[in-house]
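Asks: the sequence and its predicted three-dimensional model are supplied below.
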Amino acid sequence: MDETVRAVSSRSRVAVMSVETRRNFGTVRVPAGLNGLLPALILIMLFFVIPVLALLLRSVTEPEPGLQNYAALLGDGTYARVFFNTFLVAALVTVATVLVAFPVAWMLAIMPSGLASIIFGIIILSMWTNLLTRTYAWMVLLQRTGVINRTLMTIGVIDHPLPLINNLTGVTIGMVYIMLPFMILPLVGTLRAIDPMTLRAASLCGASPFQAFRRILVPLSLPGVAAGGLMVFVMSLGYFVTPALLGGTSNMMLAEMIAQMVQSLLNWGLGSAAAFILLVVTMVLYALQLRLVGARRTSGGI
Amino acid sequence: MLLDYDRMGWLRVALLGFTALVAGFLLLPVVFIVLLSFGSSRWLAFPPPGWTLKWYQELFADPAWLNAALTSARIATMTAILAVAIGLLASFALVRGRFAGREILRGLLLTPMVLPVVVFAIAIYAFFLRLGLGGTTIGFVIAHTVLALPFAIIPIATALEGFDKSIEDAAIVCGASPLEARLRITLPSIRIGIFSAAIFSFLASWDEVVVAIFMASPSLQTLPVKIWGSLRSDLSPVIAAASSLLVGLTLALMVMTALLHRKFRT
Amino acid sequence: MTHPFLSIRNLRKAFGAIVAVHDVTLDIPRGEFLTFLGPSGSGKSTTLYAIAGFQDPTSGDVLLEGKSLLAVPSHKRNIGMVFQRYTLFPHLTVAENVAFPLRVRRRPDADVKKKVADMLALVRLESFAGRLPGALSGGQQQRVALARALAYDPPILLMDEPLSALDKKLREEIQGEIRRIHRQTGVTILYVTHDQEEALHLSDRIALFKDGRIEQTGTGEDLYLRPATDFVAGFIGNSNFLAAEHLGTTNGTTTIRMTDGSVISGVRANGTFGKGQKTRLMIRPEAFSMERSPASAELNVEIVDIAFYGERRRIVARIAAGQEVDIRPTSAMQSQDVWPCSRQVFFDPAAAFLFPA
């Protein structure tokens, strides 16, 4: 659940950061602060920064120096389809996740704590369960002869099994399933930080529930939704496991293509170039997300 | 009134119904996999024609599964220890230090969490091939520690930010040396953060698939690699049995975390 | 020669370009309760931190019985301190918190036990020994912090706005507690606060800080009755500042002219003034009287409001120049008095202070 945990903490960090942090003042006496960072910096420089840079270098040196790898990637229809498909899946997953997560987070933010802790327990259980385990379950559930198709046929909704796996549907269901906790948990924090008084006030001002929702609740929770949505989008872009297992060959995503180029085709130049493109897109969007969260933090809204 | 639980009327009914559906959706695969592991159908028919323990027997009869689990446990434990130790030192510097570029350094240390794992996986794979660390335990531990470090730093740094530095100052005025104050007062006060860091970094390694797929050698396979390999060949119920055990482990970790929180919160 | 017990010599602390403490010099005798009073950012906390050793002064010195403390690290200064926020160790019980300074000093168990019991008795929290800090109220937590700070019999106790997180009623209760403990233990206390009432209530002496300097040091009475500067007069108690022109000072008698042209003699001049210099006359609200007495000067005012405040009445009046004057006479007006009305109010010139404009 590598990819999963990665985001948990980043989300929970956002949630925790939103709790007011007490500032120390006056008693600052720095005990040679940088020394403690040394082991971490050595680890990251040596085994993260250098390997990644070395990889990127290969994209312009293999098989020969030049930008031909990038030209090939950006000029070829097959690759263009992979890029398009990657963005399509990420966008679909993000929209679906936001739509499903919002009502749940809304309820979680205000429901009695006993009931909420049950739901939170379910969310954590799902999130902490091994990624492959969950994906395996969806493979079995969604297959042609799987429980879902059979149930639908038994109750007479359909006559023929629906193609739910090895296509866009399968990837979307599997990915939304994985991303939901990352959207719900921080959103609960955002919604909890909204003073219920503002909505009571809106109501007294004559706003109907729908108007209050549209003009007060949604705008107030928008920073959280945007930050979370962007995070989900970024994570989806580079996701490997779920698309590889639930997706079809006709809608391959970028991460899987990179792995294939390197592992099966041994084309390191092309693979590195594709990795670099993924890296740049991810980092730009991540910076944007940090901006959103940062703005939220400094505005003190949360 | 949209945030007043008691005064939402029909809207609450609708939203609660939806929440229940989503909870069911989240629970479905987990429950399903456990039931499936006891089902007697090799073809994963559901509901199963009968109940059996044979998939568990098959699982335990195959030394490859046990080996993979032990390998994973060993690598994850080493990763957790390293990540927490390095993360603890780094967190103090990041939270307490006042130096230029602190935010940039924090960002750098957290980057492995954001970068798509696939990119890191092929990068470290190529790098380790050159160093001769591919397919070795030490290689696995290093790569996983890089990935786990953000998960160690974030909970520890968060706990440290929530810890009032004046308390440490108070210990120093009381006569404790700075090191003594840190060991006897600060570390115990942020122990929830440290435990969370240990659990997160353990899970980050234990469940890591992508780097493992690249790094694994026939002689060194982690559990996710073993599952991945099986998944690609067929959807055997043995995987369901292995998965159910993993669900059990997750539950155990959750209970442990909840108990620790309760114990320390009093 | 004998050294002062605690001595602060030309202390200066700059954070980059910002100077928090300009030049503070102060001697504190043993057993005194001295308060650093001042608005936030006046340098009082920084001075305290320099004594505690949390901040190294840019220049100057802190001497305890003639020996400099600057080279001594915080944990070896043997100073007690109570902080603004509750700084109890959250994972230790009340008794363990109080025992902590003794444990790090490796005192024998029996001594520790006895001392902890004594200290908890001192702050009257014996029955809370086994509780964790989280289960205590804010006031109780600060009392435990006090017990912990005194457990090792430090010669000096520093208190950094220890009551600022408490509500008014609790604050008064613990003020009483602190006074009692000061009497009982004889410890020298340096107390930082921005609350003048707290300072007046608690201290033997007050050092009033402004912009990194001590504006005046003295007893509460000194500061109230004989303010050295208009800042002191304005910070301690309530005060009216009325515009006036200095006419001259002869044989120690200062004469001024108010804005309505009336001339008043015998006010107390702080400093020397030139003839015709613009000045401000400070009069406490309670220095006004509604009845003429032989020595009193008079002021023509228009009364715009009278409010009942329990023990006294508060009168809002306006002088000819339009400036409002706050009047709280001890001899209250009769309730049948009507306003608005124009009349004269009186004050003793000797209780009025002249400051530069």
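Replies: That came through, no problem. Numbering: from 1, shown residues only, chains lettered A, B, ... in the order given.

Asks: only C-alpha atoms from now on, for both contacts and neighbour counts.
Replies: OK.

Asks: low-confidence stretches in the stretch 201-302 of chain A?
Replies: Applying pLDDT under 70 to the stretch 201-302 of chain A flags the ranges A:294-302.

Asks: what sits against the residue of it found nearest chain B?
Replies: Per CA to the nearest CA, A:Gly238 is where the stretch 201-302 of chain A lies closest to chain B, at 4.9 Å. Residues near A:Gly238 by CA atoms under 8 Å, 6 or more residues apart in numbering or on different chains: A:254-255, A:278, A:282, B:116-118.

Asks: please apply the same query to B:Pro224.
Replies: Here B:Pro224 is in contact with A:132, B:206-209, B:212 (criterion: CA under 8 Å, 6+ apart).

Asks: can you get me a residue count around B:Ala64?
Replies: B:Ala64: 16 surrounding residues under other CA atoms under 10 Å in any protein chain shown.

Asks: I'd like the contacts of B:Pro224 as a markdown table, with distance to chain C and neighbour count appended.
Replies: Putting the contacts of B:Pro224 into a markdown table (distance: CA to the nearest CA, whole Å; neighbours: other CA atoms under 10 Å in any protein chain shown) gives the following:
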| residue | distance to chain C | neighbour count |
| --- | --- | --- |
| A:Leu132 | 39 | 23 |
| B:Trp206 | 31 | 26 |
| B:Asp207 | 33 | 28 |
| B:Glu208 | 35 | 29 |
| B:Val209 | 39 | 29 |
| B:Ala212 | 40 | 24 |
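
Asks: tell me the helices and strands packed up against the biggest helix by length in chain B.
Replies: The longest helix of chain B (DSSP state H) is helix B:63-96. Judged by 3 or more CA pairs under 8 Å, 6 or more residues apart in numbering or on different chains; DSSP states H and E, the packing partners of helix B:63-96 are helix A:38-44, helix B:137-161, helix B:191-206, helix B:223-233.

Asks: select, out of those, the one closest to B:Arg98.
Replies: Smallest distance to B:Arg98 across these (CA to CA): 13.7 Å, for helix B:137-161.

Asks: contacts (any at all) between chain A and the closest one?
Replies: Yes: with CA under 8 Å from any CA of the partner chain as the criterion, chain A is reached by helix B:137-161 at B:142-143, B:146, B:150-151, B:154-155, B:158, B:161.

Asks: any chance of the residues you listed in a markdown table, with distance to A:Met45 too?
Replies: Compiled in a markdown table, the residues of helix B:137-161 next to chain A are given as follows (distance: CA to CA, whole Å):
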| residue | distance to A:Met45 |
| --- | --- |
| B:Ile142 | 12 |
| B:Ala143 | 12 |
| B:Val146 | 10 |
| B:Pro150 | 14 |
| B:Phe151 | 18 |
| B:Ile154 | 19 |
| B:Pro155 | 22 |
| B:Thr158 | 24 |
| B:Glu161 | 26 |
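
Asks: possible to save those as JSON lines with neighbour count, pLDDT and distance to chain C?
Replies: Formatted as JSON lines, those follow (neighbours: other CA atoms under 10 Å in any protein chain shown; pLDDT from 0 to 100; distance: CA to the nearest CA, whole Å):
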{"residue": "B:Ile142", "neighbour count": "22", "pLDDT": "97", "distance to chain C": "34"}
{"residue": "B:Ala143", "neighbour count": "25", "pLDDT": "97", "distance to chain C": "36"}
{"residue": "B:Val146", "neighbour count": "28", "pLDDT": "97", "distance to chain C": "32"}
{"residue": "B:Pro150", "neighbour count": "30", "pLDDT": "95", "distance to chain C": "27"}
{"residue": "B:Phe151", "neighbour count": "34", "pLDDT": "94", "distance to chain C": "24"}
{"residue": "B:Ile154", "neighbour count": "27", "pLDDT": "93", "distance to chain C": "22"}
{"residue": "B:Pro155", "neighbour count": "28", "pLDDT": "93", "distance to chain C": "18"}
{"residue": "B:Thr158", "neighbour count": "19", "pLDDT": "91", "distance to chain C": "17"}
{"residue": "B:Glu161", "neighbour count": "22", "pLDDT": "91", "distance to chain C": "15"}
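
Asks: quick check: of the residues you listed, which lies closest to A:Asp159?
Replies: Within the residues of helix B:137-161 next to chain A, the smallest distance to A:Asp159 is 47.8 Å, found for B:Phe151 (CA to CA).

Asks: if we can go back for a sec, for the residue of the stretch 201-302 of chain A closest to chain B, phi and psi?
Replies: According to degrees, to the nearest 10, the main-chain angles of A:Gly238 amount to phi -100, psi 10.

Asks: can you tell me the closest non-neighbouring residue to A:Leu230?
Replies: In this structure, A:Leu230 finds its nearest non-sequential neighbour in A:Gln289, 6.2 Å apart by CA to CA, 6 or more residues apart in numbering or on different chains.

Asks: is B:Ile239 in contact with B:Gly229, as I believe?
Replies: No: applying CA atoms under 8 Å, one finds B:Ile239 not in contact with B:Gly229, separated by 10.4 Å.

Asks: who's more crowded, the two?
Replies: The neighbour count for B:Ile239 versus B:Gly229, taken as other CA under 10 Å, is higher for B:Ile239 (27 against 12).

Asks: doesn't the more buried one fall inside a helix?
Replies: Yes: counting by DSSP: H, G, I helix; E, B strand; the rest coil, B:Ile239 is part of a helix.

Asks: count of neighbours near C:Ile181?
Replies: Neighbours of C:Ile181 under the rule other CA under 10 Å: 17.
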